[in-house]
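A.B. asks: predicted structure and sequence below. I'll ask about it afterward.
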Amino acid sequence: MFLCKHRNGFYYFYYEDATGKRKRVSTKTKLKSNANEFLSRFQQELKLKAERELIPFAISELRREMLKQ
């Protein structure tokens with residue numbers, strides 16, 4: 001993960017997603033201090049998203065679990 005300032009003056013945040021691809025997100029600011037604030041908020045959101053990730057399962061598994069109770 002890193003910040004980069006483009007020719008247009010805006011900072012962009014680069015990171016790798018779960019599949020290993022590099023992604024770019026605009027911070028929508030030209031000030032490095034604001035870009036760093038964006039970076040910290042974005043990292044927290046990524047952590048929360050990873051924690052809430054759903055695990056798929058089959059309906060037959062759900063039925064089996066419900067019948068156990």
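C.D. replies: Received it, and whenever you're ready, just let me know what you need.

A.B. asks: what does the helix or strand hosting Q44 contact?
C.D. replies: Using DSSP states H and E, Q44 maps to helix 32-51. With CB atoms under 8 Å, 6 or more residues apart in numbering as the test, helix 32-51 has contacts from M1, L3, K5, Y11, F13, Y15, A18, V25, T27, K28, T29. C-betas here are computed from N, CA, C, even on glycine.

A.B. asks: closest to S60 among those?
C.D. replies: Checking the contacts of helix 32-51 against S60 by CB to CB gives A18 as the nearest, at 27.1 Å.

A.B. asks: just say helix, strand or coil for that closest one.
C.D. replies: Classification of A18 by DSSP: H, G, I helix; E, B strand; the rest coil places it in coil.

A.B. asks: so what's it up against?
C.D. replies: Going by CB under 8 Å, 6+ apart, A18 touches A50.

A.B. asks: I55 versus that one, what's the distance?
C.D. replies: Note on A18: its distance to I55, by CB to CB, to the nearest Å, is 14 Å.

A.B. asks: list the residues that are in contact with both of those two.
C.D. replies: Counting by CB under 8 Å, 6+ apart, A18 and I55 have no common neighbour.

A.B. asks: rewinding a little: just the buried residues of the helix or strand following the helix holding Q44, please?
C.D. replies: Note on helix 32-51: by DSSP H and E, the next helix or strand toward the C-terminus is helix 59-68. Across helix 59-68, burial judged by 16 or more other CB atoms under 10 Å covers no residue at all.

A.B. asks: now helix 59-68, how far from the centre of its chain.
C.D. replies: When distances are taken as CA atoms, centre = their mean, to the nearest Å, helix 59-68 is centred 32 Å away from the chain's centroid.

A.B. asks: packing partners for it?
C.D. replies: On a contact count with 3 or more CB pairs under 8 Å, 6 or more residues apart in numbering; DSSP states H and E, helix 59-68 meets no helix or strand.

A.B. asks: could you dump that helix to PDB, C-alpha only?
C.D. replies: Coordinates of each C-alpha in helix 59-68 appear next as PDB, following Å, rounded to 0.1, in the frame of the first residue of the first chain:
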ATOM      1  CA  ILE A  59     -28.700 -25.300   1.500                       C
ATOM      2  CA  SER A  60     -28.400 -28.900   2.400                       C
ATOM      3  CA  GLU A  61     -25.800 -28.000   5.000                       C
ATOM      4  CA  LEU A  62     -28.100 -25.400   6.500                       C
ATOM      5  CA  ARG A  63     -31.000 -27.900   6.600                       C
ATOM      6  CA  ARG A  64     -28.700 -30.400   8.400                       C
ATOM      7  CA  GLU A  65     -27.700 -27.800  11.000                       C
ATOM      8  CA  MET A  66     -31.300 -26.800  11.600                       C
ATOM      9  CA  LEU A  67     -32.400 -30.300  12.000                       C
ATOM     10  CA  LYS A  68     -29.700 -30.900  14.600                       C
END
